[in-house]
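A.B. asks: sequence unknown, structure follows:
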């Protein structure tokens with residue numbers, strides 16, 4: 001709707017986004033540092049994210065499918081690389097053959113499809129232990145990719161955010177693949193993989209979560225800055241008397257008289273029911289706890305300590321990704337990519 005101002009918004013910090021990418025680039029050592037902008041830039045807006053990272057010097061970008069590729073195709077130019085991580089289905093072939101983006105071929109069928117169509121430059125994914133997408137590292141990978149005009153050979157770490165022997169095993173397997181299969185570039189590390197050290201960097205890293213303020217490793221905690229601040233407008237301030245219940249199923253009963261603010265925010269916006277009785281809004285450093293259940297479009301917070309806030313005013317939503325993850329039981333990935341379409345997205 002033209003001119004519509006939504007009653008909830010995301011304040012997005014472009015300087016923090018760029019700062020996070022620069023720290024990840026420095027941690028990547030001699031490897032180039034790319035950026036995963038799939039899921040519409042982790043929900044922030046792929047075009048806006050890519051535009052800012054291009055200005056910062058990022059040259060390698062990753063999306064999941066060809067719909068996402070089409071949304072940023074206009075930003076591609078000489079020296080800018082866009083890879084489509086899910087490869088190429090038969091339904092994608094017409095677009096893929098005419099696109100400047102490259103498929104990351106993930107299955108023998110995709111390799112055969114691309115080869116038969118005379119497709120040009122491509123990437124290839126090797127599965128080294130995640131058992132998700134990719135050619136099996138135990139197979140005849142040399143034969144499987146023969147004749148392809150390969151730009152990058154990739155694999156993906158399954159548990160880089162944990163101290164596990166699988167990280168070393170996947171690193172060793174990828175090193176063995178690199179010896180056997182010749183490619184201009186090799187890429188293994190995501191955000192957490194970057195934090196494992198430069199041995200995992202190879203030629204190109206592919207951070208995602210940490211770009212957007214997620215903390216993939218304790219190593220990153222003092223360096224990664226938050227990018228996303230949700231804010232919601234107060235629809236009503238009301239008094240609740242001792243003994244009154246708040247919200248669906250009366251899960252919170254007031255022990256004393258208090259003041260609540262009803263906010264235009266709910267699980268339809270990605271603020272899920274895991275925040276019921278556990279989340280909070282904030283105003284000038286004061287924590288305003290969520291009372292009762294989060295509903296589809298509304299949530300109530302205790303504003304007894306803030307007589308100065310009323311209808312029409314805005315409150316920050318406590319959304320430090322690490323703390324919000326612990327409170328809600330949701331992963332940092334879910335918290336950031338689940339923020340819905342009803343927010344105005346305001347870059348600052």
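C.D. replies: Now that the structure is in, tell me what you want to look at. In this text, all values refer to a predicted model and were calculated from it rather than measured experimentally.
A.B. asks: got phi/psi on the most centrally placed residue in the chain?
C.D. replies: Compute the mean C-alpha point of the chain, and by CA atoms, centre = their mean the closest residue is residue 42, 3.6 Å away. When read as degrees, to the nearest 10, the backbone of residue 42 gives phi 50, psi 30.
A.B. asks: apart from its neighbours in sequence, what residue is nearest it?
C.D. replies: The shortest distance from residue 42 to any non-neighbouring residue, by CB to CB, 6 or more residues apart in numbering, is to residue 212 (4.7 Å). (Glycine included, C-beta is placed from N, CA and C.)
A.B. asks: give me the number of residues near that neighbour?
C.D. replies: 29 (other CB atoms under 10 Å).
A.B. asks: quick check, pLDDT for the residue nearest to the centre of the chain.
C.D. replies: If you check residue 42, the pLDDT there is 98.
A.B. asks: packing partners of whichever strand in the chain runs longest?
C.D. replies: Taking DSSP state E as the criterion, the chain has its longest strand at strand 228-240. Judged by 3 or more CB pairs under 8 Å, 6 or more residues apart in numbering; DSSP states H and E, the packing partners of strand 228-240 are strand 8-12, strand 258-263, strand 314-317.
A.B. asks: and the angle from it to strand 258-263?
C.D. replies: Counting by axes from the mean of the first three to the mean of the last three CA atoms, to 10 degrees, strand 228-240 lies at 140 degrees to strand 258-263.
A.B. asks: distance from the chain centre to strand 228-240, please.
C.D. replies: Its chain's C-alpha centre and that of strand 228-240 lie 26 Å apart, by CA atoms, centre = their mean, to the nearest Å.
A.B. asks: swap in stretch 208-224?
C.D. replies: Relative to the chain's own centre, stretch 208-224 is displaced by 11 Å; criterion: CA atoms, centre = their mean.
A.B. asks: can you get me the start-to-end distance on it?
C.D. replies: Length of stretch 208-224, first residue to last, CA to CA, to the nearest Å: 12 Å.
A.B. asks: quick one: buried residues of stretch 257-270?
C.D. replies: For stretch 257-270, a neighbour-count test (16 or more other CB atoms under 10 Å) marks 258, 259, 260, 261, 262, 263, 264, 265, 266, 267, 269, 270 as buried.
A.B. asks: quick one on the thing from earlier: per-residue pLDDT of the residue nearest to residue 42, please?
C.D. replies: The score at residue 212 is 98. That number is its pLDDT.
A.B. asks: next one: the one 4 residues further on
C.D. replies: Turning to residue 216, the model gives it a pLDDT of 96.
A.B. asks: with residue 2 instead?
C.D. replies: Looking at residue 2, its pLDDT stands at 65.
A.B. asks: re earlier: turn the buried residues of stretch 257-270 into a markdown table, columns for pLDDT and distance to residue 145.
C.D. replies: As requested, these are arranged in a markdown table below (pLDDT from 0 to 100; distance: CB to CB, whole Å):
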| residue | pLDDT | distance to residue 145 |
| --- | --- | --- |
| 258 | 97 | 65 |
| 259 | 98 | 65 |
| 260 | 98 | 61 |
| 261 | 98 | 59 |
| 262 | 98 | 58 |
| 263 | 98 | 53 |
| 264 | 96 | 52 |
| 265 | 98 | 49 |
| 266 | 98 | 48 |
| 267 | 97 | 45 |
| 269 | 97 | 44 |
| 270 | 97 | 40 |
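A.B. asks: all strands for the stretch 51-200 of the chain, in order.
C.D. replies: 60-63, 81-84, 102-105, 121-127, 135-136, 149-154, 185-187 (DSSP state E, counting those that start in this stretch).
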